[in-house]
Each structure stands twice: as structure tokens, then as C-alpha cells.
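**Q** I'll drop the sequence and a predicted model, then ask my questions.
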Amino acid sequence: MEDFMKMECEKRLLLEFDSKSENEGFARIMTSAFVAGLNPTLEELADIKTAVSEAVTNAIIHGYGRNPGIVTLRAAICGREFYVEISDTGVGIEDVCQAMVPLYTTRPDMERSGMGFSFMEAFMDELEVHSAVGEGTRVRMKKQIGAGME
């Protein structure tokens, strides 16, 4: 996936917020308001909100755990394409491929389902995950809005 932050886009959004679980809802609301101008269907909007929620939750729970940190959300609208990136500077993921396996979780103590990446992949058109141990994780996603309207 292209680096959408370098693309010519009509709208951009940049948010930074504390790695607190209550901010997951804030990220969903801000993303919904941002993409509303494309007049997405309820299903498209629900897909985006769910994917963003999962990525932000992963950053908070797995990236930082009990340690404070900052989650960064970047988004852009380029034509009818919605791009979003959620990143943290937390612990990183040792094995991204393993982390993306359905039902795999590093936090079974918190009754985590291990479906976050699976949901992101199912609800968005494209998903990329880049991570480095000790440096953090970046999740990029893309969704075509109104794809069935052509």
C-alpha cells in the first residue's frame, strides 16, 4: 500500500492521544466524523469503526500494556478511498505473521479473543502491519467507499 501521507488527498486527519482504553471510543467517533463526507453506507461505516477500534485497542493493550504512551491516528481521503494508520511506539510485535493468526493472543489473562487483525483484514480492503521489537507498531488500512455504486 502506498504511503498515503505522501499522496495528493483532499482531506487529512492527525490525532494523538493517550494510551487509555477510554480513547478507543474517541478514535471511533473522530474517524466516523472524518469519513462522513464520503456518505458511506452504514455497513461501510461499521466496518471502518470496527477496524479502527481493533487497531487502537491493540496499540493500547499490546503496545503499551500498563505503561503510558501515545497512540497516533492518521487518516486521509483520496477520491473515494479512505486510508487510516494507527501507530504506537510501544513494545512492538516479535512475530507479525503469528500475531495475525486468528485466535492468537499474547494477553490470554485479559480474555482477549485474538481476532483483532482478522477483523481488520475482513472489514477493510487492504491491511499492512509493520512492527519492530522495542520500537512499536504501525497498522495501515484502506477502504474503498461506495465500491458497489459504480
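**A** Cool, got the structure. Residues are numbered from 1 along each chain as shown.

**Q** contact partners of stretch 128-143?
**A** Identification of contacts with stretch 128-143 by Cβ atoms under 8 Å, 6 or more residues apart in numbering yields 1, 4, 44, 47-48, 51-52, 55, 58-59, 63, 81-94, 96, 99-100, 117, 120, 123-127. Bear in mind the C-beta positions are built from the backbone N, C-alpha and C, glycine included.

**Q** and it, how far out from the chain middle?
**A** Relative to its chain's centre, stretch 128-143 lies at 9 Å (Cα atoms, centre = their mean, to the nearest Å).

**Q** quick one, which of the contacts of stretch 128-143 are buried?
**A** Buried by 16 or more other Cβ atoms under 10 Å: 4, 44, 47-48, 51-52, 55, 58-59, 63, 81-93, 99-100, 117, 120, 123-124, 127, out of the contacts of stretch 128-143.

**Q** from the contact counts, what lies against the lowest-mean-pLDDT helix or strand in the chain?
**A** Lowest by mean pLDDT, DSSP states H and E among the helices and strands of the chain is helix 96-99, with a mean of 75. Contacts defined by 3 or more Cβ pairs under 8 Å, 6 or more residues apart in numbering; DSSP states H and E place helix 96-99 against strand 126-132.

**Q** the inter-axis angle of the helix or strand where residue 87 lies versus strand 126-132?
**A** Per DSSP states H and E, residue 87 falls inside strand 81-88. With axes from the mean of the first three to the mean of the last three Cα atoms, to 10 degrees applied, the angle from strand 81-88 to strand 126-132 works out at 20 degrees.

**Q** adjacent strands (with direction) for strand 81-88?
**A** As defined by DSSP bridges, the strand partners of strand 81-88 come to strand 70-78 (antiparallel), strand 136-144 (antiparallel).

**Q** what's the average pLDDT for it?
**A** The average of the pLDDT scores along strand 81-88 is 97.

**Q** contacts only, for residue 126.
**A** Per Cβ under 8 Å, 6+ apart, neighbours of residue 126: 1, 140-142.
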